[in-house]
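Peer 1: Okay, here's the prediction I keep looking at, along with the sequence it came from:
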Amino acid sequence: MTQAFDRALADAGGSLATWQVLVLVRSRDWETQSELAAAMGVTAATLTHHLGALEAQGLVRRWREEGNRRVQRVELTEAGSALFDRLRGVARRHDERLRSRLSSSESAELAALLGKLEDGLAQP
């Protein structure tokens, strides 16, 4: 499923890593680049590599805070927002394709089971 999703994203000009970064940058549910890396499940160095590539493509803009030069902020550019919107459509269609074979009750059961698995990850 991941490979099919990555191919669909590639056909739209993105990748799974690009999609993950764009979603997280757009959500603004993090304060520091380290928190962004943790949310993505990668090292700070890996995230820096991804951000550098996206910045070179004109998809994100990075800058240091005036009051605290150690804090680096990231935001989507206009081109990044456009790519986000395009990839969001790909993600939505991919999700609909996956769920098309499930009944409403099966979809609810799957969500409940995945929730249980996620809860298990939170437990030590």
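Peer 2: Received the coordinates, thanks.
Peer 1: hey, where'd the helices end up in this protein?
Peer 2: 2-11, 16-27, 33-40, 44-56, 78-99, 104-122 (DSSP state H).
Peer 1: Can you say which of the ones you listed is packed in most?
Peer 2: helix 16-27 (a mean of 18; mean count of other Cβ atoms under 10 Å). Every C-beta, even on glycine, is put in place using the N, C-alpha and C of the backbone.
Peer 1: just checking, what packs against that helix?
Peer 2: Here helix 16-27 touches helix 2-11, helix 33-40, helix 44-56, strand 72-76, helix 78-99, going by 3 or more Cβ pairs under 8 Å, 6 or more residues apart in numbering; DSSP states H and E.
Peer 1: Kindly reformat the ones you listed as a markdown table and extend each row with distance to residue 23 and mean pLDDT.
Peer 2: Shown next, in a markdown table, are those (distance: least, Cβ to Cβ, whole Å; pLDDT from 0 to 100):
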| stretch | distance to residue 23 | mean pLDDT |
| --- | --- | --- |
| helix 2-11 | 12 | 94 |
| helix 33-40 | 9 | 84 |
| helix 44-56 | 12 | 92 |
| strand 72-76 | 10 | 86 |
| helix 78-99 | 7 | 95 |
